[in-house]
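Asker: what would the 3D arrangement of this be:
(2 chains)
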Amino acid sequence: RKEVEQDPGPFNVPEGATVAFNCTYSNSASQSFFWYRQDCRKEPKLLMSVYSSGNEDGRFTAQLNRASQYISLLIRDSKLSDSATYLCVVNRFYGQNFVFGPGTRLSVLP
Amino acid sequence: GAVVSQHPSRVICKSGTSVKIECRSLDFQATTMFWYRQFPKQSLMLMATSNEGSKATYEQGVEKDKFLINHASLTLSTLTVTSAHPEDSSFYICSYGTSGTDTQYFGPGTRLTVL
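Answerer: Coordinates of the predicted model:
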């Protein structure tokens, strides 16, 4: 089993749709959690850090369930510019030991 | 956020040659540096971690004699792919971290193609 797993995708949704991505991690000692987005042939860019209480940034909402070792990302009112691959990232231990999930590709269609 | 540059952005080389990739932090001093590679349609895989002035720690399955990492200063790190082969063709990305935080700042990546 991979340490970080994500919805396989791809997700093809119309503009304005709400889409949710799921991620699970196997290492219960993981300390912190992130969602990154990666455009084709570009480096990953931090979208959100994920906190235990859940956090929201505009159209994006992230939630963490430590008991179930599960992380989610909700995107509301999808825009064409949201088309990208979304990477779930888990920090194993304090000290930036990042493990990247395989990513879920999102295509927002006009 | 912090700015990280990589050079070159793209390189094509013949099999058996060595390629050096530079990673620079432009506006801060980085204590820890990470090198990742990403094969097509796959996610980033950590290759090695290094702290300034120390030898790099390589992930399992990454040959330290093939992928030479030098982190001589707080603003510059280099990855040298020695005797490159076509299977080394990949997207190589560096990132910097600072002590006491979880944040990593990624470079724009270098696309290596070995013919």
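
Asker: low-scoring stretches of chain A, by residue?
Answerer: Flagging of chain A using pLDDT under 70 yields the residue ranges A:93-96.

Asker: residues contacting A:Asn22?
Answerer: By Cβ atoms under 8 Å, 6 or more residues apart in numbering or on different chains, A:Asn22 lies in contact with A:6-7, A:70-72. C-beta coordinates here come from the backbone N, C-alpha and C atoms, glycine included.

Asker: right, and the helix or strand after the helix or strand containing it?
Answerer: Secondary structure assigned from DSSP states H and E places A:Asn22 in strand A:19-25. Next in sequence after strand A:19-25, counting helices and strands by DSSP H and E, comes strand A:32-38.

Asker: and that next one, anywhere near chain B?
Answerer: Yes. For strand A:32-38, a contact with chain B is found by Cβ under 8 Å from any Cβ of the partner chain, at A:32, A:34.

Asker: which elements pack onto that strand?
Answerer: For strand A:32-38, the packing partners by 3 or more Cβ pairs under 8 Å, 6 or more residues apart in numbering or on different chains; DSSP states H and E come out as strand A:45-50, strand A:60-65, strand A:70-75, strand A:84-91.

Asker: now those as JSON lines including distance to B:Cys94 and mean neighbour count?
Answerer: Listed next are those as JSON lines, based on distance: least, Cβ to Cβ, whole Å; neighbours: other Cβ atoms under 10 Å in any protein chain shown:
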{"stretch": "strand A:45-50", "distance to B:Cys94": "15", "mean neighbour count": "18"}
{"stretch": "strand A:60-65", "distance to B:Cys94": "26", "mean neighbour count": "18"}
{"stretch": "strand A:70-75", "distance to B:Cys94": "25", "mean neighbour count": "20"}
{"stretch": "strand A:84-91", "distance to B:Cys94": "16", "mean neighbour count": "24"}
